[in-house]
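Novice: Pasting the sequence and the predicted model now:
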Amino acid sequence: SQTIHQWPATLVQPVGSPLSLECTVEGTSNPNLYWYRQAAGRGLQLLFYSVGIGQISSEVPQNLSASRPQDRQFILSSKKLLLSDSGFYLCAWTLYGNSAYEQYFGPGTRLTVT
Amino acid sequence: QKEVEQNSGPLSVPEGAIASLNCTYSDRGSQSFFWYRQYSGKSPELIMSIYSNGDKEDGRFTAQLNKASQYVSLLIRDSQPSDSATYLCAVRSSNTGKLIFGQGTTLQVKP
């Protein structure tokens, strides 16, 4: 069965500090991967998605970036965090070529920028 | 008009009752629809997917889809306090293939 991991689970970072969040998927190959952010009391905002190694599409202009160095690894980064970057960051995956398009979420990383 | 609309709630039902959660969407070409459950502080969990008009049942959950009315709903029978959560409706965009999420409906099941 497939499993998705995210770490760290929680993070408190000062404004202007760098960020690196990691997501890995087990039990599948060539998944589509996604980064979402959920701000307090708000809906899910798609930040990035990837259909393969090195292939990243950005949904929202911001100071975040994403990379996919390996098939089942997806990384979200920032060089300098802003207060507005606080939120619940969720990684998700879908099975490549699966016509059902079901998307599954990881446990998330709660980021507080102080 | 929002692409996917849900009443934010809270929707409060007594234990054992049927909870009815509703969602409307604007993309007439959408073919895939999903319901997620999100407990406070946790990530969303996929509980139902539906692709054809009509009803789809899974245990105490029934998803209903009406493409002509652009409406999808989730019924929870014999509601339990453990069903208290926020329920997110998601629709796959026919243009981009990405999931568009509603803001979610908070359900409270009172013992």
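Specialist: Structure received.
Novice: any idea of the pLDDT on the residue nearest the centre of chain A?
Specialist: Nearest to the geometric centre of chain A sits A:W35, at 3.0 Å (C-alpha atoms, centre = their mean). Listed pLDDT for A:W35 reads 97.
Novice: Could you verify that it is part of a strand?
Specialist: Yes - counting by DSSP: H, G, I helix; E, B strand; the rest coil, A:W35 is part of a strand.
Novice: Run through the residues that contact it.
Specialist: Contact analysis of A:W35 by C-beta atoms under 8 Å, 6 or more residues apart in numbering or on different chains lists A:23, A:46-49, A:66, A:74, A:76, A:89-91. The way it works is simple: take the backbone N, C-alpha and C, and place the C-beta from them, glycine included.
Novice: if we go to 7 Å?
Specialist: By C-beta atoms under 7 Å, 6 or more residues apart in numbering or on different chains, the residues touching A:W35 are A:47-48, A:66, A:74, A:76, A:89, A:91.
Novice: and what of B:V13?
Specialist: Contacts for B:V13 were tallied using C-beta under 7 Å, 6+ apart; they are B:19, B:79, B:109.
Novice: Apply 8 Å and report the result again.
Specialist: B:19, B:79, B:107-110.
Novice: and if you look at B:V4?
Specialist: By C-beta under 8 Å, 6+ apart, the neighbours of B:V4 are B:23-26, B:89-91, B:100-102.
Novice: List the single closest residue to it in space, sequence neighbours excluded.
Specialist: B:G102 (4.1 Å; C-beta to C-beta, 6 or more residues apart in numbering or on different chains).
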